[in-house]
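Trainee: My questions are about this predicted structure, shown below with the sequence.
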Amino acid sequence: MSFCCGASMIGTNGTLKHFRTHIHNVPILFCPVCHRVEIHHGIENEYEILAEYAHGDGASEVDFLEYVEQDGLALFENCVNNENEDPLDVVSNQIDMALDLLSFAAQIEDEAWAAELKKRLGVLGQRKMKLRQRRTSEGYC
């Protein structure tokens, strides 16, 4: 499980650019607060090798899944959330975890961490409100 900005990172597959080569279906983790992206630690070496070979061959696009055999489900087993979940549930889960961390930060009297968590909660709260508004306008309520 990876954390960033007081939130757990979400597991998914994405496209990354290595110089002029786009590599599709790379297992990544991204932060729902600051949108930081990390290559999943379980495939970093494979990604680097494929990226270097693809760049050296002058390929403009490569599909990671065609060259590297990995069990995608096993890679994301330790992720708290993944992209296949309902976005509103993901944000609600992130808010719950941030509130738990905020409670702990208050107990240990870490004011800097508490302030950072409050900022993250503000961002997550805004995202939750936008998701609810989108659902209302699309008639999902």
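Mentor: Yes, it's here.
Trainee: Give me the neighbour count for residue 45.
Mentor: Look at residue 45: counted by other C-beta atoms under 10 Å, it has 11 neighbours. For the C-beta atoms, the positions are set from N, CA and C on the backbone; glycine is no exception.
Trainee: any idea how far it is from residue 109?
Mentor: 41 Å (C-beta to C-beta, to the nearest Å).
Trainee: And the pLDDT for the residue in the chain sticking out farthest from the centre?
Mentor: Farthest-out residue of the chain from its mean C-alpha position, per C-alpha atoms, centre = their mean: residue 57, at 30.0 Å. In this model, residue 57 is scored at 92, pLDDT.
Trainee: Now do the contacts for the residue nearest the centre of the chain.
Mentor: The centroid of the chain falls nearest to residue 30 when counting by C-alpha atoms, centre = their mean (2.1 Å). Residues near residue 30 by C-beta atoms under 8 Å, 6 or more residues apart in numbering: 9, 10, 12, 14, 36, 37, 38.
Trainee: Which among those residues count as buried?
Mentor: 9, 10, 12, 14 (16 or more other C-beta atoms under 10 Å).
Trainee: My read is that the last one contacts residue 37, right?
Mentor: Translated: residue 14. Yes: contact criterion C-beta atoms under 8 Å: residue 14 and residue 37 qualify, at 6.9 Å.
Trainee: Now do the shared contacts for the two.
Mentor: What both residue 14 and residue 37 touch, as defined by C-beta under 8 Å, 6+ apart, is the set 28, 30.
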